[in-house]
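A.B. asks: take this sequence and fold it.
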Amino acid sequence: MTQHDSSTMETQHPNVVAVQEALRAAGVAGQIRILPEAVPTAAAAAAALGVEVGQIANSLVFDADGSPLLVLTSGAHRVNTAKVAALIGATTVRRASPEFVRSHTGQPIGGVAPVGHPAPLPTLVDQALAQYDVIWAAAGIPRSIFPTTFEELVRLTKGTPAEVA
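C.D. replies: So this is what the prediction gives:
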């Protein structure tokens, strides 16, 4: 299979299609790109794109008292779960299992997009992302990514800007 065939197959992956449809429905201009290799970490994505690690919006799913919470954080940050719990009024916020993530997003860890889930998730958007003109977010699989802005991410996800680090 050629690189082009592989890339075409990836753009037709149901997760990528769901993200593209969500972006189109929201009037987002950014196009999904399929990278030659999986970029499951912010550092890998930044290196592949030639951008700062802080410009990568990590889509992290947490288990907040048994309910999913999506935190879109700058790749340069670690989420402070105690701070997030206090922000949302939860008793416990912890990293979700791969099964929990997939059941709520339909997407694998390393490829979770901010949108394209079976149902919208409550979302916090790291205010640190606001300093960048262009932010890159995963698009449903570990090799897919799309450009966006802080304002667009907040609008797309109906998220709440927050200090999450």
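
A.B. asks: quick one: which helix or strand includes the residue most central in space within the chain?
C.D. replies: Nearest residue to the geometric centre of the chain (C-alpha atoms, centre = their mean): Ser59, 3.1 Å. According to DSSP states H and E, Ser59 maps onto strand 56-64.

A.B. asks: just checking, what packs against that strand?
C.D. replies: helix 42-49, strand 67-74, helix 81-88, strand 93-95, helix 98-105, strand 135-138 (3 or more C-beta pairs under 8 Å, 6 or more residues apart in numbering; DSSP states H and E). All C-beta atoms are positioned from the backbone trio N, CA, C, and that covers glycine.

A.B. asks: make TSV out of the ones you listed and add mean neighbour count and mean pLDDT.
C.D. replies: Output for these, formatted as TSV (neighbours: other C-beta atoms under 10 Å; pLDDT from 0 to 100):
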stretch	mean neighbour count	mean pLDDT
helix 42-49	18	94
strand 67-74	23	98
helix 81-88	16	97
strand 93-95	16	97
helix 98-105	17	98
strand 135-138	27	97
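
A.B. asks: re earlier: what lies in contact with the strand holding Ser59?
C.D. replies: 42, 45-46, 68-75, 79, 81, 84-85, 88, 90, 92-97, 100-101, 104-105, 112-114, 121-122, 126, 129, 135-138, 148, 153 (C-beta atoms under 8 Å, 6 or more residues apart in numbering).

A.B. asks: name the single longest helix found in the protein.
C.D. replies: helix 14-25 (DSSP state H).

A.B. asks: what's next to the next helix or strand after that one, contact-wise?
C.D. replies: Scanning forward in sequence from helix 14-25 by DSSP H and E, the next helix or strand is strand 33-34. If you take C-beta under 8 Å, 6+ apart as the criterion, strand 33-34 is touched by 7, 10-11, 16, 143-146.

A.B. asks: just the buried subset of the residues you listed, please.
C.D. replies: Neighbour-count burial (16 or more other C-beta atoms under 10 Å) applied to these gives 10-11, 16, 143-146.
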